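Student: Quick check, what structure comes out for this input:
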Amino acid sequence: MNDGVNGVALAVFIFFFVLVTAMGFLAARWRRAANDQSLDEWGLGGRSFGTWVTWFLLGGDLYTAYTFVAVPAAIYAAGAAGFFAVPYTILVYPLIFTFLPRLWSVSHKHGYVTTSDFVRGRFGSKGLSLAVAVTGILATMPYIALQLVGIQAVLDVMGVGGGEDTNWFIKDLPLLIAFGVLAAYTYSSGLRAPALIAFVKDTLIYIVIAVAIIYIPIKLGGFDDIFAAAGDKFDESGKGGLVPDHGGQWTYATLALGSALALFMYPHSITATLSSRSREVIRRNTTILPLYSLMLGLLALLGFMAIAAGVKVENGQLAIPQLFENMFPDWFAGVAFAAIGIGALVPAAIMSIAAANLFTRNIYKDFIKPDATPAQETKVSKLTSLLVKVGALVFVLGMDKTVAINFQLLGGIWILQTFPALVGGLFTRWFHRWALLGGWAVGMVYGTVAAYGVASPTQKHFGGSSEEIPGIGEIGYIGLTAFVLNVVVTVVLTFAMRALKAPDGVDETKPGDYTADAGDPGVEVELPPATAGTSH
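Tutor: Sure, this is the predicted structure:
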C-alpha cells in the first residue's frame, strides 16, 4: 500500500466523481413531470423507465461497490466457497420471472409504492404491513453502511485521509464529502439521480473487469499460475480451497438458494422494479439481467489473482483495491477506483429512497398522519432518506467494519422472512394474515438467536450466517432454516385460523389486477390505498 497519496489515481477518481455529481443534480430535470410532489415522481421516477434504464438501474442496485469488493475478498480469504454468489444470481432470475410482473401489475393498478403497501392491500392488515416495513428498513440500513465501507476502502488504498494516527475529522473528511454530495442530489432528484448515474457506473465496471480479466493474468503468467498459487496458499493455510470440501457443500448450496430467495425481497430491488413503465419491461429485464452474472463470475476470479499477485492485507476488503493499485498504471487504477466509488453511490441512493418510502407510506401515513397529502409524503420521504444516510454514516464511522458486515448478513436472514407474505400473497389468499404474522415472528426470532450464537475467531457473537440445520446435522444457511420454519408455522396456523373461523382482512385487489399492463384498456392507477380506504 502506498505510503503517500496516489495523485494520478486520485485525480481520475475526482474527475469521475464530479461528473456523476453533476449528473445527479441534472437528473432532477430528466423526464420531469408537471407535478413532482408525489412519491410516484420522487421515489419511483414517475414509473416511466424503459427496458435499458431499468436494466442499468437494477444492475446498479444489485451489483454494488460492496459486491465489487466483498465477493472477490471472500474468494481471497476462503477460496471457492465465495463463488456461492454466482449460482445464486443465476437462480434468482427464473424465480423473479414468475412473480415480479404480477407485483408490478397490481402495484401499478393500485398505486402501491412499497411491498408493504401491497401486503396491506392484499391481506387488509396494517400489522402485517408494519412487520414487512420494519424488516425492510432494518435489513437495508447496514446494506447502505457497507456501500460507504466500499468507498472508504478505495480512499484508504489511494492514501487519502492520512494514517491511523491522523485526526479523525481529517481522516474521514473525504468520506463525509462523498456522503454530503450523495445526500444532496438524492434529496434533489430522487430515483432519477441513481438511474442516470447507473449508466456511468455499469460502463466503468464492465471496462475495468474486461481489462482486469485479460491484463492481470498476462502480468501474472496466465490462469494456470494463478490457480496454482491460490491452491498452494489454501493447502498451506488449511482454510478454504479451490473446491468446497464435503462439509462445506451444504453451506454453499443453502446459502446460494437462501440468498436467491432473499434478493428481491429487499426494498431497493422492488423500488427499481416498480419504476418501470410496463409489465413487459420487467419480463425483458429478467431475461437480460443474467449478463451481470457473467460479470460477477469474472469479478470473483480477482480474488485468486490477488493471491497470485502477493497482495497482503489485514482487512480482506482492501484486497481488490490493493490489487488494482499494484497491477494497473496509476491512471487506470483511478478508473477502477472510480468504478467502485460510483458503484457505492448508486445503490446507496436507491436504498435510502426505498427505506424512506417504507417509513413514509407504511409507518408515517398508516399510523401517524393518515390524511397526509402527496406533497407531505414526498417531503417526509426526502427528510427520512437523509436521516437513513446519516444513520449509515454514523454506523460506519463509529463502529468496527466487521459489525456492519455481520449486521448485513443478519439483514439477509431477516428480509427472507417477508417472502411468504409478499410472494405467497401474489398467488394465493389462502394464507391467513395472522398466520403470516406468526410465521414471520418465529422466523425472525429463530434466525436472530441462531446468528447470535455463531462465533468466529474474532467475534463471540454474530460471527457468521451458517449453523447446524436441526434434524439434518449439516451446516447450512440460517436464513433458509428460519424460512422453512416460517413457512411451516404459517401453514399450521392458517389451518388453525380457518378452523376457528378467524376473520380475514379485506382484499382490495382483484384477479385481473395481477396481469394488467399499463396500456390495457380500462387500466387506470387508483388513489394510493392509504387514501382509498385503509381502515381495515
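Student: Could you use CA atoms for every contact and neighbour count after this?
Tutor: OK.
Student: pLDDT of stretch 44-61, averaged?
Tutor: Averaging pLDDT along stretch 44-61 gives 86.
Student: for stretch 349-361, same thing?
Tutor: 94.
Student: Run through who's touching it.
Tutor: 39, 43, 61, 113-114, 116-117, 133, 136-137, 140, 143-144, 182-183, 186, 190-191, 194, 267-268, 271-272, 377, 380-382, 384-386, 388-389, 530 (CA atoms under 8 Å, 6 or more residues apart in numbering).
Student: Would you mark the buried spots in stretch 267-280?
Tutor: 267-279 (16 or more other CA atoms under 10 Å).
Student: Closest one to Met444 out of the residues you listed, please.
Tutor: Pro267 (17.3 Å; CA to CA).
Student: Give me the local confidence score for that closest one.
Tutor: 94.
Student: pretty sure it contacts Ser116?
Tutor: No - Pro267 is beyond contact range of Ser116, at 9.5 Å (criterion: CA atoms under 8 Å).
Student: OK, contacts around the residue nearest the centre of the chain?
Tutor: By CA atoms, centre = their mean, the chain has its centre lying nearest to Leu62, at 5.3 Å. Taking CA under 8 Å, 6+ apart, we find Leu62 in contact with Ser269, Pro347.
Student: try 10 Å this time
Tutor: Contact analysis of Leu62 by CA atoms under 10 Å, 6 or more residues apart in numbering lists Phe56, Thr89, Leu263, Phe264, Tyr266, His268, Ser269, Ala272, Tyr292, Gly343, Val346, Pro347.
Student: I'd like the distance between it and Ala260.
Tutor: Distance, Leu62 to Ala260, using CA to CA, to the nearest Å: 12 Å.
Student: Residues that sit against both of these two, list them.
Tutor: Joint contacts of Leu62 and Ala260 (CA under 10 Å, 6+ apart) are Thr89.
Student: which stretches of the stretch 201-350 of the chain have low pLDDT?
Tutor: Applying pLDDT under 70 to the stretch 201-350 of the chain flags the ranges 238-240, 247.
Student: show me where this structure has strands.
Tutor: Ranges of strands in the chain, per DSSP state E, are 466-468, 475-477.
Student: what are the pairing partners of the first one, and which direction each?
Tutor: If I follow you right, that is strand 466-468. strand 475-477 (antiparallel) (DSSP bridges).
Student: ok, residues contacting the strand it pairs with?
Tutor: Counting by CA under 10 Å, 6+ apart, residues outside strand 475-477 touching it are 247-259, 413, 447, 451, 464-470.
Student: quick one: which of those residues sit in helices?
Tutor: 247-259, 413, 447, 451 (DSSP state H).
Student: Just the buried residues from these, in ChimeraX please.
Tutor: Entered in ChimeraX, the line below selects the buried ones among the ones in helices among the contacts of strand 475-477, by 16+ other CA under 10 Å:
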select :249,250,251,252,253,254,255,256,257,258,259,413,447,451
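Student: Based on its surroundings, how many neighbours for Gly159?
Tutor: Other residues within reach of Gly159, judged by other CA atoms under 10 Å, total 19.
Student: Could you report the distance from the closest residue to it other than its chain neighbours to Asn315?
Tutor: Take Gly159 and drop its neighbours on the chain: the residue closest to it by CA to CA, 6 or more residues apart in numbering is Val5, 4.4 Å away. Computed with CA to CA, the distance linking Val5 and Asn315 is 19 Å.
Student: hang on, the earlier thing: give the intersection of the neighbour lists for Pro267 and Ser116.
Tutor: By CA under 10 Å, 6+ apart, the residues touching both Pro267 and Ser116 are Val132, Ala133, Gly136, Asn357, Leu358.
Student: What residues of stretch 372-391 count as buried?
Tutor: So, applying 16+ other CA under 10 Å, buried residues of stretch 372-391: 372, 376-382, 384-386, 388-390.
Student: what mean pLDDT would you report for it?
Tutor: pLDDT averaged over stretch 372-391 gives 91.
Student: Any figure for the gap between Phe359 and Trp440?
Tutor: Applying CA to CA to Phe359 and Trp440 gives a distance of 19 Å.
Student: Have a look at the two and say which one is more surrounded.
Tutor: Trp440 (30 against 24).
Student: Skip the chain neighbours and tell me the closest residue to Thr64.
Tutor: Counting by CA to CA, 6+ apart, the residue nearest Thr64 is Gly343, at 5.2 Å.
Student: ok, that neighbour - how many residues close by?
Tutor: With other CA under 10 Å as criterion, Gly343 counts 31.
Student: what comes up buried for the longest helix along the chain?
Tutor: In terms of residue count, the longest helix belonging to the chain (DSSP H) is helix 126-158. The neighbour-count check on helix 126-158 (16+ other CA under 10 Å) flags 126, 128-158 as buried.
Student: Same check on stretch 439-448?
Tutor: Applying 16+ other CA under 10 Å to stretch 439-448 flags Gly439, Trp440, Ala441, Val442, Gly443, Met444, Tyr446, Gly447, Thr448 as buried.
Student: Just the closest of those to Gly231, please.
Tutor: Gly447 (34.2 Å).
Student: how about that closest one, what does it touch?
Tutor: Taking CA under 10 Å, 6+ apart, we find Gly447 in contact with 410, 412-414, 417, 441, 465, 477-483, 485.
Student: If you rank those by neighbours, which is first?
Tutor: Gly479 (35 neighbours).
Student: What sits closest to that one if chain neighbours are left out?
Tutor: Per CA to CA, 6+ apart, closest to Gly479 is Ile413, 4.1 Å.
Student: For that neighbour, which residues are in contact?
Tutor: 139, 258-259, 262, 407, 443-444, 446-448, 451, 465, 477-483.
Student: any idea how far it is from Gly180?
Tutor: Ile413 is 31 Å from Gly180, by CA to CA.
Student: can you check Val8 too?
Tutor: Val8 is 24 Å from Gly180, by CA to CA.
Student: Ile209 against Ile320, yeah?
Tutor: No - if you go by CA atoms under 10 Å, Ile209 and Ile320 don't touch, sitting 11.6 Å apart.
Student: Need the overlap of contacts for those two.
Tutor: Phe68, Leu299, Leu302, Ala336.
Student: Check Ile475 and give its pLDDT.
Tutor: At Ile475, pLDDT is 89.
Student: Go ahead and confirm Leu410 touches Tyr446.
Tutor: No - counting by CA under 10 Å, Leu410 does not reach Tyr446; the two are 11.6 Å apart.
Student: Can you list the low-confidence ranges for the stretch 51-200 of the chain?
Tutor: Across the stretch 51-200 of the chain (using pLDDT under 70), the flagged ranges come out as 161-171.
Student: if we go to 90?
Tutor: 51-53, 55-90, 141-196, 198-200 (pLDDT under 90).
Student: would you list every one of the helices in it?
Tutor: 51-62, 65-78, 85-110, 115-123, 126-158, 168-189, 192-220 (DSSP state H, counting those that start in this stretch).
Student: follow-up on the earlier one: can you list residues touching both of Leu410 and Tyr446?
Tutor: Residues touching both Leu410 and Tyr446 (CA under 10 Å, 6+ apart) are Tyr452, Ile478, Gly479.
Student: Of the buried residues of stretch 439-448, just say which sits nearest to Gly82.
Tutor: Out of these, the member with the shortest distance to Gly82 (by CA to CA) is Gly447, at 21.6 Å.
Student: picking that back up, quick one: which of Val5 and Asn315 has more around it?
Tutor: It is Val5, of Val5 and Asn315, that has more neighbours when counted by other CA under 10 Å, with 16 against 11.
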